[in-house]
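[1] model the following, please.
(2 chains)
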Amino acid sequence: MNDTIAVVNLSKRFADVQAVSDLSFNISKGELFGFLGPNGAGKTTTINILTGLARPDNGTIMIGGMDCSQKHRAAQHLIGVVPDESNLYPELTGFDNLCFCGALYGMPRQERQNKAQELLKVFGLEEAANRKFGGYSKGMKRKLTIAAGIIHEPQILFLDEPTTGLDVASARQLRQLISDLHKNGTTIFLTTHYIEEAQRLCNRIAFIVSGHIVKIDTIENLLQPFQNIHVVQIICADTDEKIHHRLANSFPDMNFIFVRKDIIRIEADKPILAGAVVRFLEEQEIEVYEAKRITPSLEDVFVQITGIEADAMKKEKSGMGGKT
Amino acid sequence: MKAWIAFWNILVKDMRSYYLKPPNISWGLLFPLVWIAMFFIRSGLGMDSLPNLLPGLVALSILFGTTSVLSVTVTFEKKGRSFERLLLAPISLETLMLAKTSGAILFGTINALVPIFIAMFLIDLSAINWVVLFPAMVFIAVSSTFLGLFIAVSVKEVFEAQTFSNFFRFPMIFLCGLFFPIEQLPIWLKPLSYILPLTYGADVLHASINNSGKIPLVLDFILLIAFCVVLFLVTLRNIGRKWII
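    Modelled structure (predicted):
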């Protein structure tokens, strides 16, 4: 068996809230696995249970071949954790924070100092190495927190909402770093509520809503049902019911979705001749501003499966999230 | 070996970040000095009062030195979530908590030396049984530190840690026999005295400094060690129940 993490029927309840319910999934060695869901879906609870910061009510957890269901701290030497909030020591410098985190994993002094220097360089924090962590910007804090999570070169890395609250440039840089770690063979468990981020980084994704996994598959397989669907979006002047009926009657082989009064989404199982629709609208004295082909994305899959609008996901947290 | 590296670095970080900060050092010096001055003036007996005051001053220095800092720092780290880093480290919970408490134990023990050091210049200390006094100071520091840890795990906010510490500290000072003999306490208060670890610590201090202990020394040490073990185990259980939920 090549599974680095195997979870079966994991459940956890806090008072009257069922945080996660019957979660089952496995993660192969070297895989970048994404947990995608809105705030409060159970992503952080799952990470806390897997990393030994919380106890499951039910279910079995195997990490690196070790049963962590009862001995929940058994695999801690294998894992690195980057929590959703930067939690290093504000009174220590960036360099000292990294060295301290290395020491927690038993790294000898010279080794952890060398590694800390190396990571500060990789994360572009060399100049801030001797500044106190409390004085770092949010992006710098996030980078150092990730560096602290990997200083001991863990086999498995848990990243909880790594880019939340970051500016665009920092988020992009972090995604590149995560991608590099993955290429170097680290197994990564990533939680996010940014759909594009999950699509860009992950091999497989689980959609988690209200503590339940509603879908789990590779990006390719998730997008497969949408591969043969052709989509065109038209932005135009406001339309009304009358126009909607006329469109439907004039183009019976197309499916019209009126997203807003001024946005029409057309779906069909064969290539759409947008020009004909545009001409039709103009004949109806509806001014057309834009008509573009849309490639179905993970966002469409997510919306269809979970029923949660992508916009709602984007609003979940106050941070900018570095959407690019 | 790896656990020792973690242990040592947690201890060194805490010493640098908390215990060796100037405000703490000045607190460690000022606190015993103020108490010495207060009791010295209050007794009106001059230098003769010092041998009788010394056990109480040593005990207070340890009690306040250990509980004040530890309960606050642990609560502070828990609230700031940096404590999670420690909980994620591949070391046992026992090693982790011993590392977190070692700084306080050291600080408390060094604090206890301050009144003794001052007294050295004022009175003859040749009657002191140092072989008994030093282990007593260490065990009082350990039990007080574990009490501080118990308090830290019981509260959520930093200000609660201070308030809750005083809930234990002040009654303990007056019930443990340091300043008022337990025999003179009302009968209904006496049982309370005997469930306090400081009662046995104070008795050893009296025995080693003034040869005026009331309880056999062996029993004092056995009970002090028992309090340390029980407080540590109860705190570990509470951490398991409250912090790893």
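
[2] return the set of buried residues in the helix or strand hosting residue B:74.
    Assigned by DSSP states H and E, residue B:74 belongs to helix B:50-79. Neighbour-count burial for helix B:50-79, counted by 16 or more other Cβ atoms under 10 Å in any protein chain shown, picks out B:50-78. For glycine as for every other residue, the C-beta is placed from the backbone atoms N, C-alpha and C.

[3] confidence score at the residue of chain B found nearest chain A?
    Nearest to chain A, among the residues of chain B, is residue B:2, at 2.4 Å (Cβ to the nearest Cβ). You'll see residue B:2 listed with a pLDDT of 84.

[4] thought it was touching residue A:106?
    Yes - between residue B:2 and residue A:106 there is a contact under Cβ atoms under 8 Å: 2.4 Å.

[5] looking at these two, which is more packed in?
    When residue B:2 and residue A:106 are compared for neighbours, residue A:106 comes out ahead with 21 against 16, by other Cβ atoms under 10 Å in any protein chain shown.

[6] what residues does chain B put near chain A?
    Residues of chain B lying near chain A by Cβ under 8 Å from any Cβ of the partner chain: B:1-3, B:5-6, B:8-10, B:13, B:17, B:80-82, B:84-91, B:93, B:244-245.

[7] list the ones among these that fall in helices.
    B:2-3, B:5-6, B:8-10, B:13, B:84-88, B:93 (DSSP state H).

[8] which outside residues touch stretch A:55-67?
    A:3-13, A:22-23, A:49-50, A:68-69, A:72, A:74-75, A:78-79, A:155-156, B:244-245 (Cβ atoms under 8 Å, 6 or more residues apart in numbering or on different chains).

[9] for that stretch, list every residue counted as buried.
    Those would be A:56, A:59, A:61-64, for stretch A:55-67 by 16+ other Cβ under 10 Å.

[10] what is the burial count for residue A:176?
    By other Cβ under 10 Å, the residues close to residue A:176 number 11.

[11] next one: residue A:101
    29.

[12] host element of it?
    Judged by DSSP H and E, residue A:101 forms part of helix A:94-104.

[13] what's the mean pLDDT across that helix?
    For helix A:94-104, the mean pLDDT works out to 96.

[14] is chain B contacted by that helix?
    Yes - applying Cβ under 8 Å from any Cβ, one finds helix A:94-104 touching chain B at A:100-101, A:103-104.

[15] give me the contacts around that helix.
    Helix A:94-104 has contacts (Cβ under 8 Å, 6+ apart) with A:88-89, A:92, A:109, A:111-113, A:115-117, A:119-120, A:125, A:128-131, A:133, A:136, A:140, A:144, A:147-149, A:151-152, B:5-6, B:8-10, B:13, B:85-86, B:88-91.

[16] hmm, try it at 6 Å
    The contact list for helix A:94-104 (Cβ atoms under 6 Å, 6 or more residues apart in numbering or on different chains) reads A:88-89, A:112-113, A:116, A:125, A:128-129, A:133, A:144, A:147-148, A:151, B:5-6, B:9, B:13, B:89.

[17] just the ones in helices from those residues, please.
    A:112-113, A:116, A:144, A:147-148, B:5-6, B:9, B:13.

[18] flag the shaky bits of chain B, pLDDT-wise.
    Applying pLDDT under 70 to chain B flags the ranges B:32, B:45, B:245.

[19] quick one: the strands in it?
    For chain B, no strands are identified by DSSP state E.

[20] before we move on, what about the stretch 51-200 of chain A?
    Using DSSP state E, counting those that start in this stretch, the strands of the stretch 51-200 of chain A run over residues A:58-63, A:66-67, A:79-82, A:156-160, A:187-192.

[21] adjacent strands (with direction) for the third one?
    Meaning strand A:79-82. In the sheet, strand A:79-82 lines up against strand A:156-160 (parallel) (DSSP bridges).

[22] burial count for residue A:224?
    If we define neighbours as other Cβ under 10 Å, then residue A:224 has 12 of them.

[23] ok so it is a helix residue?
    Yes - applying DSSP: H, G, I helix; E, B strand; the rest coil, one finds residue A:224 inside a helix.

[24] buried ones among the contacts of helix A:94-104?
    Among those, the ones that count as buried (16+ other Cβ under 10 Å) are A:88-89, A:112, A:116, A:125, A:128-129, A:133, A:144, A:147-148, A:151, B:5-6, B:9, B:13, B:89.

[25] domain boundaries for chain A, per the record?
    With domains defined by automatic domain parsing, chain A comprises A:3-218, A:230-295.
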